[in-house]
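Student: Sequence below, structure please.
(one chain, ligands or ions: 2)
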Amino acid sequence: MEQLHLKAIKRVNGEVTLPGSKSLSNRILLLAALCEGTTQVENLLDSDDIRHMLKALNDMGIEVTLNADKTIAQVTGKGGVFNTPNEPLFLGNAGTAFRPLTAVLATSQGEFELIGEPRMEERPIGHLVDALHTLDADVEYLKNKDYPPLKITGKQLSGGKVEIDGSISSQFLTALLMAAPLFSNDTEISIKGELVSKPYIDITLGVMTKFGITVDNQNYERFVVKGNQTYQSPGRIMVEGDASSASYFVAAAAINGGTIRINGVGAASVQGDIGFAKVMEQVGANIEWHDDYLVVSKGALKGVDIDANAIPDAAMTLATVALFAEGKTAIRNIYNWRVKETDRLYAMATELRKLGAEVVEGHDFIEVTPTQSIQLAEIDTYDDHRIAMCFSMVAVGGHDIIINDPKCTYKTFPTYFETLASVSN
Ligand SMILES: O=C(O)C1=C[C@@H](OP(=O)(O)O)[C@@H](O)[C@H](O)C1
Ligand SMILES: C=C(OP(=O)(O)O)C(=O)O
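Tutor: Numbers count the residues shown, from 1 in each chain. Ligands and ions are numbered 1, 2, ... in the order given. Okay, here's the model as predicted:
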């Protein structure tokens, strides 16, 4: 197994430009494929999750051309037509590919098998499939009920009233919302349970608007979508920088003491994870806000107690920031950390303890109390990009650390360690 020995970083300073947002990239690619005509997508993320979406679209007859560094794509959509692929569509561990494609293909003519990495087979999809079954979709489980892989025999769905459980993942609602304009009649979606990760629904609705579709959002409890619509290409569309990826540089500047300018997200961001920078202000970071960039420097950091349901991905970064804040940090209402790339509550607790921190792992929360003497440790990353990136904060905080399997960052940020090195000295 590859290991990366990160040496203690004396000072971070400089400027980073974020790669494109994963959430925006995969939504935009799919909606571009559903349009008639060509869309130019700029600042596309080049990472595993996007590669899986691109390959799936290509396997279903959607023409996509990429520039040399794969950050500009020309997608020629076919107005909702997808060819039956010759082989199962392999979607890795990309939730933003697997869930939306499930709903969209259920209402497209053709036969599709959706498969993924072993971990994808442990990530639930039953709430989405239940809703699709209510709408008379033909979606079958190929192995275990409620989990991938799936076999979809697509057919025109007619919409109507449908309930969807929102308590485990917002991606199920995102998927249904993106498919609903393609149904022949209007659709009224009611949310069962408490909807988690709400800001991701704003991302979905915002991208749909850019492609000409408006949704009536009744307080995140009911959504009404007109049927028999076609997505309209915006011609060109720019992907904002990834706000979850920004969290590591916001944290690095706050912990270490230099100043980092982070280009690509700011006060005008459409991504909920920009909220992490607000949390870091509460922790004590100094942040200068601009529309599309942030300038972050150190303050006196103290532990906070927050409900992180709206920012599940960026909140992981707070768990390692906690090592350098005074007092206890509590991150609450994050049960669904357990059903992401790995069981993130267990993984973060286990790895933080290796450093000597005192950790309480609850059913849906984690509490971290820092130690005065951080120990050198080998950090297991559980094939989870965010664990690798989060634990690099230990080096930022002035301690050597060994990260196992550092290439797991390829899921969303293949150049992460080079980018961190570019602001380290
Ligand atoms: O819709 C999206 O782009 C995402 C939604 C979130 O998932 P959940 O809704 O499952 O929390 C987030 O964790 C994931 O990385 C991306
Ligand atoms: C949870 C994540 O990914 P996915 O889109 O696969 O759910 C993530 O990127 O942290």
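Student: Please make it C-alpha for all contacts and neighbour counts, starting now.
Tutor: Fine.
Student: shouldn't C408 be in contact with M389?
Tutor: No: checked against C-alpha atoms under 8 Å, the pair C408 and M389 is beyond contact range at 9.3 Å.
Student: more neighbours, those two?
Tutor: A direct count of neighbours by other C-alpha atoms under 10 Å for C408 and M389 places M389 higher, at 24 against 20.
Student: Doesn't that one lie inside a strand?
Tutor: No: the assignment for M389, made by DSSP: H, G, I helix; E, B strand; the rest coil, is helix rather than a strand.
Student: From ligand 2, how far off is L376?
Tutor: 26 Å (C-alpha to the nearest ligand atom, to the nearest Å).
Student: okay, that residue: pLDDT?
Tutor: For L376, the pLDDT comes out at 98.
Student: for it, what are its contacts?
Tutor: Each residue near L376 by C-alpha atoms under 8 Å, 6 or more residues apart in numbering is listed here: L355, H399, D400, I401, I402.
Student: Give me the contact list for stretch 418-425.
Tutor: Residues outside stretch 418-425 that contact it (C-alpha under 8 Å, 6+ apart) are I9, K10, R11, V12, N13, G14, E15, V16, F249, I260.
Student: Try it again at 10 Å.
Tutor: Residues outside stretch 418-425 that contact it (C-alpha atoms under 10 Å, 6 or more residues apart in numbering): 6, 8-18, 248-249, 252-253, 256, 258-261, 389, 392-393, 395-396, 413, 416.
Student: now, which of these lie within helices?
Tutor: Using DSSP state H, Y248, F249, A252, A253, N256, M389, M393, A395, V396, Y416 are the members of these that sit in helices.
Student: Most neighbours among those, please name it.
Tutor: Highest neighbour count within those, by other C-alpha under 10 Å: A252, with 32 neighbours.
Student: Contact partners for the closest residue to N185 other than its chain neighbours?
Tutor: Excluding the flanking residues, the one nearest N185 by C-alpha to C-alpha, 6 or more residues apart in numbering is G227, at 4.2 Å. The contact partners of G227, by C-alpha under 10 Å, 6+ apart, come to 157-160, 179-187.
Student: closest to ligand 1 among the residues you listed?
Tutor: A179 (14.3 Å; C-alpha to the nearest ligand atom).
Student: isn't that closest one right next to L135, touching?
Tutor: No: in this structure A179 lies outside contact range of L135 using C-alpha atoms under 10 Å: 11.6 Å.
Student: Compare the two (neighbour count), which wins?
Tutor: Taking neighbours as other C-alpha under 10 Å, A179 and L135 compare with A179 leading, 26 against 20.
Student: Could you look up the SS state of the residue nearest to N185?
Tutor: G227, by the three-state scheme (three-state DSSP), is coil.
Student: Can you read off the pLDDT for it?
Tutor: The model's pLDDT for G227 equals 98.
Student: Residue ranges of each domain in this structure, please.
Tutor: Using automatic domain parsing, the domain ranges for the chain come out as 3-19+241-422, 22-222.
Student: Out of these, flag the one nearest S233.
Tutor: S233 lies closest, by C-alpha to C-alpha, to one member of the domains of the chain: domain 22-222, at 5.6 Å.
Student: Just list the residues touching the nearest residue to K7 once chain neighbours are set aside, thanks.
Tutor: Distances taken as C-alpha to C-alpha, 6+ apart put D400 closest to K7, at 4.5 Å, once the chain neighbours are dropped. Contact partners of D400, counting by C-alpha under 10 Å, 6+ apart, are H5, L6, K7, A8, I9, I374, Q375, L376, A377, E378, S392, V394.
Student: right, and V296 touches Y248 too?
Tutor: No: contact criterion C-alpha under 10 Å: V296 and Y248 do not qualify, at 11.4 Å.
Student: Overlap of the contact sets of the two?
Tutor: Common contacts of V296 and Y248 (C-alpha under 10 Å, 6+ apart): A254.
Student: Now the phi/psi pair for K10, please.
Tutor: phi -70, psi -50 (degrees, to the nearest 10).
Student: Just give me the neighbour total for it.
Tutor: Using other C-alpha under 10 Å, the number of residues around K10 comes to 15.
Student: Then Q218?
Tutor: If we define neighbours as other C-alpha under 10 Å, then Q218 has 10 of them.
Student: And for L205?
Tutor: If you count neighbours by other C-alpha under 10 Å, L205 ends up with 20.
Student: And for the one 3 residues further on?
Tutor: Look at M208: counted by other C-alpha under 10 Å, it has 21 neighbours.
Student: That one: what's its closest spatial neighbour, skipping adjacent residues?
Tutor: Nearest non-adjacent residue to M208 (C-alpha to C-alpha, 6+ apart): T214, at 6.8 Å.
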